[in-house]
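Participant: using only what follows, build the 3D model:
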Amino acid sequence: MAACTSPLVPMAVLRAYWGVATPSENPRPRHAGSPFQPQPASVIETYAVDDRVSHDAHGLGRVVAVDAGGVTVDFTGRRVWITTPFPKMTKL
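Facilitator: Below is the predicted model:
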């Protein structure tokens, strides 16, 4: 039995040659009543020092420090660092 010596051709080259669109280039339309609608992009709220906040588990607090990965909040004497995207915290 002879071994196959032909080189493999990448799928992107084949798609370009045959004119086939990839799924990311031409997605299917979504119906308005479909239960499989894409979720809207969540908006990450921005906080500044001295903002008053409410957290589902920790209660009321005040932002004391802000960095790229989250915020540090003072909840009546107990400081907690909360990472982004802050799903359980709202600005008051």
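
Participant: grab the nearest non-local neighbour of residue 75.
Facilitator: Take residue 75 and drop its neighbours on the chain: the residue closest to it by Cβ to Cβ, 6 or more residues apart in numbering is residue 61, 4.0 Å away. In short, each C-beta sits where N, CA and C put it, glycine included.

Participant: I'd say that neighbour and residue 71 touch.
Facilitator: No - taking contacts as Cβ atoms under 8 Å, residue 61 lies outside contact range of residue 71: 9.7 Å.

Participant: about what we covered before: can you give me the neighbour number for the residue nearest to residue 75?
Facilitator: 23 (other Cβ atoms under 10 Å).

Participant: helix, strand, or coil at it?
Facilitator: Here residue 61 is strand, with the state taken from DSSP: H, G, I helix; E, B strand; the rest coil.

Participant: tell me the pLDDT of it.
Facilitator: We have a pLDDT of 96 for residue 61.

Participant: quick one: the host helix or strand of residue 82 to chain centroid distance?
Facilitator: Assignment of secondary structure by DSSP states H and E places residue 82 within strand 78-83. How far strand 78-83 lies from its chain's middle: 21 Å, per Cα atoms, centre = their mean, to the nearest Å.

Participant: name the helices or strands packed onto it?
Facilitator: When contacts are defined as 3 or more Cβ pairs under 8 Å, 6 or more residues apart in numbering; DSSP states H and E, strand 78-83 sits against strand 70-75.

Participant: direction included, what does the strand it packs on pair against?
Facilitator: Looking at strand 70-75 with DSSP bridges, its partner strands are strand 59-67 (antiparallel), strand 78-83 (antiparallel).

Participant: hmm, who's touching it?
Facilitator: The contact list for strand 70-75 (Cβ atoms under 8 Å, 6 or more residues apart in numbering) reads 47, 53, 55, 58-66, 79-84, 86, 89.
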